[in-house]
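Engineer: Coordinates only, no sequence provided:
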């Protein structure tokens with residue numbers, strides 16, 4: 001297994017070593033500040049080393065294939081499922097989804113025309129209801145007119 005080195009880890013390690021050596025060289029008046037510098041630099045080394053190990057772990061976990069792959073991540077509840085698809089699988093899925101989309105669009109157009117037909121039918125029914133109301137009013141007016149003419153005679 002090839003060892004991987006990280007430049008920031010190496011640089012901060014050199015700084016921490018220099019601060020540690022300087023702590024033992026400086027006079028007693030400067031030791032306190034160099035102690036602070038030394039602790040901070042070793043803390044930065046630890047953070048860089050943890051970041052390097054985390055990156056290495058994630059690369060090992062992911063398994064770098066040179067084949068073009070796309071990751072599809074979906075969340076179900078609290079768990080995350082990751083699926084890797086090759087480009088041919090991705091193209092096939094894309095074609096299937098395009099066909100489904102076209103089917104849905106055509107059925108949607110059919111539904112739109114059906115809705116328009118229903119709206120026209122409702123409008124004609126409303127017109128018929130209005131005509132019947134007018135006929136009823138006309139019949140009532142004729143009945144009232146007949147009563148009025150009967151009273152006058």
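Structural biologist: Received the coordinates, thanks. Predicted model, so just to flag it, every value in this text is computed and none were measured.
Engineer: Under the pLDDT cut-off, which ranges of the protein? List them.
Structural biologist: 1-4, 63-83 (pLDDT under 70).
Engineer: what's the helix or strand residue 119 falls within packed up against?
Structural biologist: Per DSSP states H and E, residue 119 falls inside helix 87-152. Counting contacts by 3 or more C-beta pairs under 8 Å, 6 or more residues apart in numbering; DSSP states H and E, helix 87-152 is packed against strand 69-76. (Each C-beta comes from the backbone N, C-alpha and C, glycine too.)
Engineer: how much space between residue 49 and residue 117?
Structural biologist: 72 Å (C-beta to C-beta, to the nearest Å).
Engineer: more neighbours, these two?
Structural biologist: Comparing residue 49 with residue 117 by other C-beta atoms under 10 Å, the one with more neighbours is residue 49, at 15 against 10.
Engineer: so the more buried one touches residue 9, yeah?
Structural biologist: Yes. Applying C-beta atoms under 8 Å, one finds residue 49 in contact with residue 9, separated by 5.4 Å.
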